[in-house]
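Engineer: task: produce atomic coordinates for the following.
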Amino acid sequence: MVVGKAGENLMKSGFLDKVIERLDRLDSKSVQAQFLRLAQERGLLETIFQSLQEGVLVVDGAGKLSYANKAAEDMLGFAIESAVDKPVSRFLREIDWQGVMKFDSAEWSKLISREIEITYPRHRFLNFYVVPLSSPGKIGGGAVVILRDITSDREQEASILESERMNAVKLLAAGVAHEIGNPLNALNIHLQLLDREIKKLSKEEGDRFRELVDVARNEVSRLDQIITQFLRALRPAKPKLVLSQVEPILKETLTLLRQEIRNRNIEIKVDCPESLPGVRIDPNQIKQVFFNIIRNAFQAMPDGGKLGIALHSSSQYLAISFRDTGVGIAPEDFGRIFKAYHTTKEEGSGLGLMIVQRIIQDHGGQIELVSKPNEGTRFTILLPLAERRVGLLTRGKEDMAGERQKKRESGRHRTIKGEEASS
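Structural biologist: Next up is the predicted model:
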């Protein structure tokens, strides 16, 4: 264990003071017994500190780091062996340590906890508070800093706010759709009446007016589809889960898109093992997911390109990966890719990926997204296997962390989990 001077002060107790006072009156065996007891106490304290989930830092009067437990090392990304006697400001830049160390005993009582945001070694939110090591009436003896990771609390708060926002949007959307739906129905009825009247005209006049009516009908139909898509994205139908094989659904989707594949000059390669486990899914909804992702890949390759589709399974999930050679996703768009009406394509509505996210969330699955501008994008759909279908998809934390680190190194990465779904 590496401990600086302030760390030694932390370990010192009233028991040690008493031992020092009586040292000249103790024989060698008593001294040995007392120091053995002291070592045991110190070891106990070290064990307790190392088992805490909260990070503990000890800073001396000069603002230099003297001690850190394992939790603090993990939170701030350093090893205490190389950090002892280094300015603590190197690891916690959000605190004015020079000002803190000048506080008198009255000012210490005013020091309250704060929340900070850090980006290294991982993006986290931390709550910290500082406790002086000084004895009453003395200052400058150093301080203990207690750190608590509140990232999950922040994420939960954000999830609740998002859920409330989505509920408000649902109510608004339902009202707007109802108000727009009635005029659209009226327009369709009157367009049908116009068709009847056009039939009474001469062929030349009828053709001219019919062309105008067809334009109006197409625009009404397009508006109706936009409203339907929006409502489906906000309030998707509850999936009707049945034990299914994914490969036939994928083949059906590619068959539907066969002509578009030829027109766009897209080369598609499907890599699928001979036998894959079944998953409990709604086949129609999963077909819609495949359709939207594949269409999205096509739109990212306006001059043609390659789309690789790979299927594989593990003990917990079935993965379907779609990798294109398109334009990729710009960093500024990465965080908004699943938002309603966010699109970078002229022919896109901005609802396709939002619908994909909703459907996969309702299936208890995940979406992993990796992209590099001008190099392409990979969407991976993770569906829980039938025997694991409990609405949770839990891979080992160490494996997940390792895979995500590799993906971060290769490009932008984001994971959307089923349990993150808004109600």
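Engineer: all the strands of the stretch 301-423 of the chain, in order from the start?
Structural biologist: With DSSP state E, counting those that start in this stretch as the criterion, the stretch 301-423 of the chain has strands at 305-313, 317-324, 366-372, 376-384, 412-417.
Engineer: need these in a markdown table (columns: mean pLDDT).
Structural biologist: Below are those laid out as a markdown table (pLDDT from 0 to 100):
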| stretch | mean pLDDT |
| --- | --- |
| strand 305-313 | 95 |
| strand 317-324 | 95 |
| strand 366-372 | 89 |
| strand 376-384 | 94 |
| strand 412-417 | 48 |
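Engineer: of these, flag the one that's most buried.
Structural biologist: strand 376-384 (a mean of 23; mean count of other Cβ atoms under 10 Å). For every residue, glycine as well, the C-beta is placed using N, CA and C.
Engineer: now do that strand against strand 305-313, angle only.
Structural biologist: Put simply, strand 376-384 runs at 20 degrees to strand 305-313, going by axes from the mean of the first three to the mean of the last three Cα atoms, to 10 degrees.
Engineer: quick revisit: could you dump the strands of the stretch 301-423 of the chain to a markdown table with distance to S113?
Structural biologist: A markdown table is the format used below for those (distance: least, Cβ to Cβ, whole Å):
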| stretch | distance to S113 |
| --- | --- |
| strand 305-313 | 47 |
| strand 317-324 | 40 |
| strand 366-372 | 35 |
| strand 376-384 | 38 |
| strand 412-417 | 30 |
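Engineer: closest one to A62 among those strands?
Structural biologist: strand 412-417 (40.9 Å; Cβ to Cβ).
Engineer: ok, for D85, nearest residue in space, not its chain neighbours?
Structural biologist: Excluding the flanking residues, the one nearest D85 by Cβ to Cβ, 6 or more residues apart in numbering is K64, at 5.1 Å.
Engineer: contacting residues around that neighbour?
Structural biologist: K64 sits next to 4, 85-88 when contact means Cβ atoms under 8 Å, 6 or more residues apart in numbering.
Engineer: per-residue confidence at it?
Structural biologist: Confidence at K64, expressed as pLDDT, is 89.
Engineer: about what we covered before: closest one to Q53 among the strands of the stretch 301-423 of the chain?
Structural biologist: That would be strand 412-417 among these, by Cβ to Cβ, at 22.5 Å.
Engineer: I227 in helix, strand or coil?
Structural biologist: Three-state assignment for I227 (DSSP: H, G, I helix; E, B strand; the rest coil): helix.
Engineer: now the closest residue to it other than its chain neighbours: how far from D362?
Structural biologist: Among residues not flanking I227 along the chain, A177 sits closest, at 5.1 Å (Cβ to Cβ, 6+ apart). Counting by Cβ to Cβ, to the nearest Å, the gap from A177 to D362 is 20 Å.
Engineer: for F290, same thing?
Structural biologist: Using Cβ to Cβ, F290 is found at 16 Å from D362.
Engineer: between those two, which one's more packed in?
Structural biologist: Taking neighbours as other Cβ atoms under 10 Å, F290 and D362 compare with F290 leading, 23 against 18.
Engineer: how about the more buried one: what's its closest non-neighbour residue?
Structural biologist: T253 (4.2 Å).
Engineer: which element is I160 on?
Structural biologist: I160 belongs to helix 151-199 when elements are defined using DSSP states H and E.
Engineer: next, the buried residues of stretch 266-278.
Structural biologist: Of the residues in stretch 266-278, those buried by neighbour count under the rule 16 or more other Cβ atoms under 10 Å are 266, 276-277.
Engineer: now, which of these sits nearest L52?
Structural biologist: Nearest member of those to L52, counting by Cβ to Cβ, is P277, at 41.9 Å.
Engineer: in three-state terms, how would that closest one be classified?
Structural biologist: Of the three states, P277 takes coil according to three-state DSSP.
Engineer: which residue is the nearest non-sequential neighbour of P121?
Structural biologist: G77 (3.3 Å).
Engineer: what about the one you found, distance to H123?
Structural biologist: 12 Å.
Engineer: what of I293?
Structural biologist: I293 sits 27 Å away from H123 when distances are taken as Cβ to Cβ.
Engineer: the two: which is more packed in?
Structural biologist: I293 (23 against 9).
Engineer: distance of that one from I367?
Structural biologist: Relative to I367, I293 is positioned 9 Å away (Cβ to Cβ).
Engineer: intersection of neighbour lists for these two?
Structural biologist: Residues touching both I293 and I367 (Cβ under 8 Å, 6+ apart) are 356, 379, 381.
Engineer: from the residues you listed, which single one is nearest G142?
Structural biologist: Out of those, the member with the shortest distance to G142 (by Cβ to Cβ) is F379, at 51.8 Å.
Engineer: for that closest one, which non-adjacent residue is spatially closest?
Structural biologist: Spatially, and ignoring its direct neighbours in sequence, F379 is nearest to F322 (4.6 Å; Cβ to Cβ, 6+ apart).
Engineer: got it, and K70?
Structural biologist: Among residues not flanking K70 along the chain, Q50 sits closest, at 5.2 Å (Cβ to Cβ, 6+ apart).
Engineer: which stretch of helix or strand covers the one you found?
Structural biologist: Counting by DSSP H and E, Q50 is part of helix 28-51.
Engineer: send me that helix as PDB with only the CA atoms.
Structural biologist: What follows is helix 28-51, C-alpha atoms only, in PDB (Å, rounded to 0.1, in the frame of the first residue of the first chain):
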ATOM      1  CA  SER A  28      10.100  -5.300  24.200                       C
ATOM      2  CA  LYS A  29       7.300  -7.900  24.200                       C
ATOM      3  CA  SER A  30       4.700  -5.300  25.000                       C
ATOM      4  CA  VAL A  31       6.000  -3.000  22.300                       C
ATOM      5  CA  GLN A  32       5.900  -5.800  19.800                       C
ATOM      6  CA  ALA A  33       2.300  -6.700  20.800                       C
ATOM      7  CA  GLN A  34       1.200  -3.100  20.600                       C
ATOM      8  CA  PHE A  35       2.700  -2.600  17.100                       C
ATOM      9  CA  LEU A  36       1.200  -5.900  16.000                       C
ATOM     10  CA  ARG A  37      -2.200  -4.700  17.100                       C
ATOM     11  CA  LEU A  38      -1.500  -1.400  15.300                       C
ATOM     12  CA  ALA A  39      -0.700  -3.200  12.100                       C
ATOM     13  CA  GLN A  40      -3.900  -5.200  12.400                       C
ATOM     14  CA  GLU A  41      -5.900  -2.000  12.900                       C
ATOM     15  CA  ARG A  42      -4.200  -0.400   9.900                       C
ATOM     16  CA  GLY A  43      -4.900  -3.500   7.800                       C
ATOM     17  CA  LEU A  44      -8.500  -3.500   8.800                       C
ATOM     18  CA  LEU A  45      -8.900   0.200   7.800                       C
ATOM     19  CA  GLU A  46      -7.200  -0.500   4.500                       C
ATOM     20  CA  THR A  47      -9.600  -3.400   3.800                       C
ATOM     21  CA  ILE A  48     -12.600  -1.300   4.700                       C
ATOM     22  CA  PHE A  49     -11.400   1.600   2.400                       C
ATOM     23  CA  GLN A  50     -10.700  -0.700  -0.500                       C
ATOM     24  CA  SER A  51     -14.100  -2.400  -0.200                       C
END
